[in-house]
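Novice: Mind folding the following:
(2 chains)
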Amino acid sequence: MSKILLIAEHDGKKLSPAVARCVTCARQVPGAELTVAVFAADTAALGAEAATLAGVAKVVTVADARHAHPLAAVLAPQVAELAKDYTHVFGASTTFGKDLMPRVAALLGVPQISDAMAVESATRFKRPIYAGNAIVTVEVAAGRKVVATVRTASFEAAGAGGSASVSAASPAAATPAHTRFVALSAATSDRPDLQSAPRVVSGGRALGSKENFQIIFSLADKLGAAVGASRAAVDAGYAPNELQVGQTGKIIAPELYVAIGISGAIQHLTGIKDARTIVAINKDAEAPIFEVADLGLVGDLFQVLPELEKGLAK
Amino acid sequence: MRKILVGVKRVVDYNVRVRVKPDGSGVALDGVKMSVNPFDEIALEEALRIKERGEAGEIVAVSIGPDDAQQQLRTALAMGADRAILVKTTEHIEPFTAAQALLAVVRKENPDLVIVGKQAIDDDCAQTGPMLAALWDRPQATFCSKLEIKGGSAVIVREVDAGLETIEIDLPAVISADLRLNEPRYVKLPDIMKAKKKPLDVTDLATLGVAVDKGLVTVTTEAPKPRSKGVIVKDVAELIEALKKKGLVS
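Specialist: Okay, here's the model as predicted:
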């Protein structure tokens, strides 16, 4: 049997949409018995939410004021302590998981699998390398704990309908004081979350300025979509860093991805290749984005976008 | 501070489109251009800037890899590192082993700060920095986009999914560099000549007492499944029509 511990990511109020996708990954492990661990200042609502995810057997909550702003250095020793009774420890391949899980793996004395995209067996997983230009199958040696981050774009979200038992735990681990939270400046937006939105509209370098980038927001609002950006657009200051899509930004899998003025460097394409439908609008007919686009339109975005918005309004 | 250690990985150059070998044994590396991992260049640039502000004494570049990784260390020396250390291995190693090797070097060198790239662009693992921090039992600041040294601590801005997070860490610590931390300098020809005279020590994993961890092995390598070829529409009306047909807009 595989006893899996999944570390839940959240913002203090709600679970991250990544959690439900990690649940699906974990359930694909043969003989999985899945426990979700919630570390938070106040775990009541979060624990209850985790318990409703279909396929979750147990929820363990660790309530501690120090977890109000999660820090890997503080969390990792507690996760490692809790993980002693499990064969697998999973987290999402988000900045939260990528910060925490390698620290956990090292404390447990094992290597880690990054970005698990397919489950082949309890010890065998597929993961992308070279920005997704190659896929490797990796095997964890017998008797070693499996620690992995999950490439959430590769898994559908688990549904509700679960009724897991919730219990409290207080893993004994020293809390280091050498790392201190200072502030989080998070963009507040009424728009859908980029990582989990079913529709995403992204803009690239061709937008030319931060002011021009507003037409991406405008089209996104028309479509009820989240907004993304290429690395070039973020580097140029047209869009904030949290909107970056690609190898070093967010990996997403929306139903509809609209790439506007994005040439399609391989580093960007790796972030979108699991999108159901990719639409590309670019004035360069040779742009690599057209090699992956399901629907391509060659044209000047500053002419096409107003027309498109108008057409969609009808 | 006295000393900063910078991790420098030899990787396939950013602009190379890698090909998977037909027998599934890996990606073809023969005759492929190799470079310093771009995120490690950013890490080194940051260390150099700290030194140039008068806040650090010595910059040591460390690589773990084959003999040829000396080329990348020479690049690091040409950028401005004071000396370099190559931990030689011909085996494929996972970040867990790399972190142990770096820890062994850290124990010898006692740096006040270790800066590495947030990930290497070959295996895309993003593990070595936080693993080293864990083994060293020191703070980590991953995805760093701004760094300020304040005596015995550092204030770090991190690029996280929600936005920008600021944390304060005591030194010594491990920092992993994100894209927007800085823009690395170009190496000038006279610096390449000067770099040839800078010290480059070669050691190996066994000498450092590090065994290659076999807990995770690569079984096969395959090419990703290509997306099926799409269609080019001629105008906006046709695009909207096609989106409607797919049920994506109403």
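Novice: so what's the spatially most central residue of chain B bridging to?
Specialist: Against the mean C-alpha coordinate of chain B, by Cα atoms, centre = their mean, the closest residue is residue B:117 at 3.2 Å. Partner residues in beta bridges with residue B:117, using DSSP bridges, are residue B:177.
Novice: Quick check: it touching residue B:175?
Specialist: No - when contacts are counted by Cβ atoms under 8 Å, residue B:117 is not listed as touching residue B:175 (10.3 Å). C-betas here are computed from N, CA, C, even on glycine.
Novice: so what's in contact with the two at the same time?
Specialist: Contact criterion Cβ atoms under 8 Å, 6 or more residues apart in numbering or on different chains; residues shared by residue B:117 and residue B:175: residue B:43.
Novice: Give me the three-state assignment for residue B:62.
Specialist: Classification of residue B:62 by DSSP: H, G, I helix; E, B strand; the rest coil places it in strand.
Novice: excluding its backbone neighbours, what's nearest it?
Specialist: Spatial nearest neighbour of residue B:62, excluding adjacent residues (Cβ to Cβ, 6 or more residues apart in numbering or on different chains): residue B:85 at 4.8 Å.
Novice: quick one: that neighbour is in a helix?
Specialist: No - counting by three-state DSSP, residue B:85 falls outside a helix, being strand.
Novice: got a pLDDT number for it?
Specialist: On pLDDT, residue B:85 comes in at 98.
Novice: go on, residue B:212?
Specialist: For residue B:212, the predicted pLDDT is 97.
Novice: mind listing what the residue nearest to residue B:231 when sequence neighbours are not counted touches?
Specialist: Among residues not flanking residue B:231 along the chain, residue A:295 sits closest, at 6.4 Å (Cβ to Cβ, 6+ apart). Listed by Cβ under 8 Å, 6+ apart, the contact set of residue A:295 reads A:277, A:278, A:279, A:280, B:230, B:231, B:233, B:239, B:242, B:243.
Novice: Report the distance from the strand or helix carrying the last one to the chain centre.
Specialist: In the assignment (DSSP states H and E), residue B:243 maps to helix B:236-245. Offset of helix B:236-245 from its chain centre (Cα atoms, centre = their mean, to the nearest Å): 43 Å.
Novice: quick check: mean pLDDT across that helix?
Specialist: 94.
Novice: residues contacting the residue nearest the centre of chain A?
Specialist: When Cα atoms, centre = their mean is applied to chain A, the residue found nearest the centroid is residue A:94 (4.5 Å). Residues in contact with residue A:94, defined by Cβ under 8 Å, 6+ apart, are A:9, A:16, A:18, A:152, A:195, B:161.
Novice: Same check on residue A:82?
Specialist: A:5, A:37, A:60, A:62, A:169, A:171.
Novice: Assign it to helix, strand or coil.
Specialist: At residue A:82 the chain is in helix, as set by three-state DSSP.
Novice: For the nearest residue to residue B:19 once chain neighbours are set aside, grab the count of nearby residues.
Specialist: Here the nearest residue to residue B:19 in space, its sequence neighbours aside, is residue B:28; by Cβ to Cβ, 6+ apart that works out to 4.9 Å. Residue B:28 has 13 neighbours, counted by other Cβ atoms under 10 Å in any protein chain shown.
Novice: Check residue A:57 too.
Specialist: Using other Cβ under 10 Å, the number of residues around residue A:57 comes to 15.
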